[in-house]
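**Q** Kindly generate the corresponding structure for this input.
(one chain, ligands or ions: 1)
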Amino acid sequence: MAKILVTGGTGFLGSNLCEKLVYQDSEVICLDNNYTGNIKNIENLISNKNFKFIEHDVCVPLEIDEHIDYIYNLACPASPPAYQGKHAIRTTKTSVLGALNLLEMAKKHNAVILQASTSEIYGDPLIHPQPESYWGNVNPIGLRSCYDEGKRCAESLFFDYHRYENVKIKVVRIFNTYGPKMDTDDGRVISNFICQALKGEDITIYGDGSQTRSFCYVDDLINIMMQIMNSDENLVGPFNIGNPSEFTIKELAYMIKEKINPDISIIYKPLPSDDPKQRKPDISKVKNTFGWEPKVQLDEGLDKTISYFKEVLNFK
Ligand code: UDP
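**A** Okay, the predicted model is just below:
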């Protein structure tokens, strides 16, 4: 039975991944410092004999005695309000020191290690949609740079460990993803809009709402991430993974308002600095290599996510 380490395992993506891995009969070690992750996300797994939780910060080197076959490195705050401001330095450290510590571990265990990189490495992109060959447009001293540059440095470390230390790597660039197990206070747009609408509060659009994003349902994302992890050793990436259907934030606000409560208002707030104007993955590489395409479109994915938040917030 494969032994798999998932860092960031109590977070949104990490906990969804742990669940899939445990149910497909792998032994999973879930590691998190619960800074933005939530132990509640793994409550259903704690008693499973194939699951173990370790509270640990990836900035600190760690030793695991058991042999590890695969490492998914998902540890990092991912929501702009969580990674900016007073948490900025912690964010860079988590990306860079976390990558270093886990790459060292992968080397020692001869494990395959997958880095959860991000569409943010493209910054405010000047090319649309974004293919993997695009080098990006990142403000290196802006409010988002702790995340963007931290993740860019992590990619650099991954490729150097692959080139010079023969570590088996996989790099995926994750575009906006949503679904069950997102935190109600996460701060990202889909969870904000749904929770606001369910509570009867105004929906807050930042800027004029003309900026675009392309949203991927979590199950689709986890499926391709696992497929990439288990693929041929030469397929190191980077691979864009996400759903290329693009929406303006205003369109999203109206979709959620209509689904939950057509009577609530939409209000406009200032656009955060360096907020990318457009984002859409070019997924040809992953499509041609793995024959993968997302299956769940926004309308269906929103319904599933709304049901989840209704339960969490105790709405009928
Ligand atoms: N956004 C918004 N209202 C919110 C939260 C976010 O209009 O309550 C906007 C945000 O400014 C950005 C987009 O929605 O343009 C996506 O933001 P999110 O934080 O989900 O992720 P990002 O893609 O910016 O990392």
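**Q** Just give the nearest non-adjacent residue to Asn166, would you?
**A** Of all residues not flanking Asn166 in the chain, Lys107 sits nearest, at 8.0 Å (Cβ to Cβ, 6 or more residues apart in numbering). (Glycine included, C-beta is placed from N, CA and C.)
**Q** and the helix or strand containing that neighbour, does that touch the ligand?
**A** Assigning secondary structure by DSSP states H and E places Lys107 in helix 88-109. No. Helix 88-109 lies apart from the ligand when judged by Cβ under 6 Å from any ligand atom; the minimum separation is 12.8 Å.
**Q** Distance from the next helix-or-strand element following that helix to the middle of the chain?
**A** Once helix 88-109 ends, the next helix or strand along the chain (criterion: DSSP H and E) is strand 112-118. Taking the mean of its C-alpha atoms, strand 112-118 sits 10 Å from the chain's own mean (Cα atoms, centre = their mean, to the nearest Å).
**Q** Residue numbering should commence at 9 henceforth.
**A** All right, first residue 9 from here; so that's strand 120-126.
**Q** Show me what strand 120-126 is packed against.
**A** Contacts defined by 3 or more Cβ pairs under 8 Å, 6 or more residues apart in numbering; DSSP states H and E place strand 120-126 against strand 78-81, helix 96-117, helix 153-173, strand 176-182, helix 226-237.
**Q** Can I get it in CSV, CA atoms only?
**A** Extracted in CSV, the C-alpha atoms of strand 120-126 (Å, rounded to 0.1, in the frame of the first residue of the first chain):
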residue,chain,number,x,y,z
VAL,A,120,7.8,11.5,-6.0
ILE,A,121,6.9,15.0,-4.9
LEU,A,122,4.1,17.2,-6.3
GLN,A,123,4.2,21.0,-5.9
ALA,A,124,0.8,22.8,-5.8
SER,A,125,1.9,25.9,-7.7
THR,A,126,-0.6,28.5,-8.9
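**Q** how much does that strand deviate in direction from helix 226-237?
**A** Calculated by axes from the mean of the first three to the mean of the last three Cα atoms, to 10 degrees, strand 120-126 forms an angle of 140 degrees with helix 226-237.
**Q** distance of the closest residue in space to Thr18 that isn't next to it in sequence from Arg287?
**A** The shortest distance from Thr18 to any non-neighbouring residue, by Cβ to Cβ, 6+ apart, is to Gly45 (3.3 Å). Per Cβ to Cβ, to the nearest Å, Gly45 is found 24 Å from Arg287.
**Q** Repeat that for Leu165.
**A** In terms of Cβ to Cβ, Leu165 sits 24 Å off from Arg287.
**Q** now do Thr126
**A** Counting by Cβ to Cβ, the gap from Thr126 to Arg287 is 11 Å.
**Q** intersection of neighbour lists for those two?
**A** Phe183 (Cβ atoms under 8 Å, 6 or more residues apart in numbering).
**Q** low pLDDT regions in the stretch 209-324 of the chain?
**A** 324 (pLDDT under 70).
**Q** if you set the cut-off to 80 instead, what comes out?
**A** Where the stretch 209-324 of the chain drops to pLDDT under 80, the residues are 323-324.
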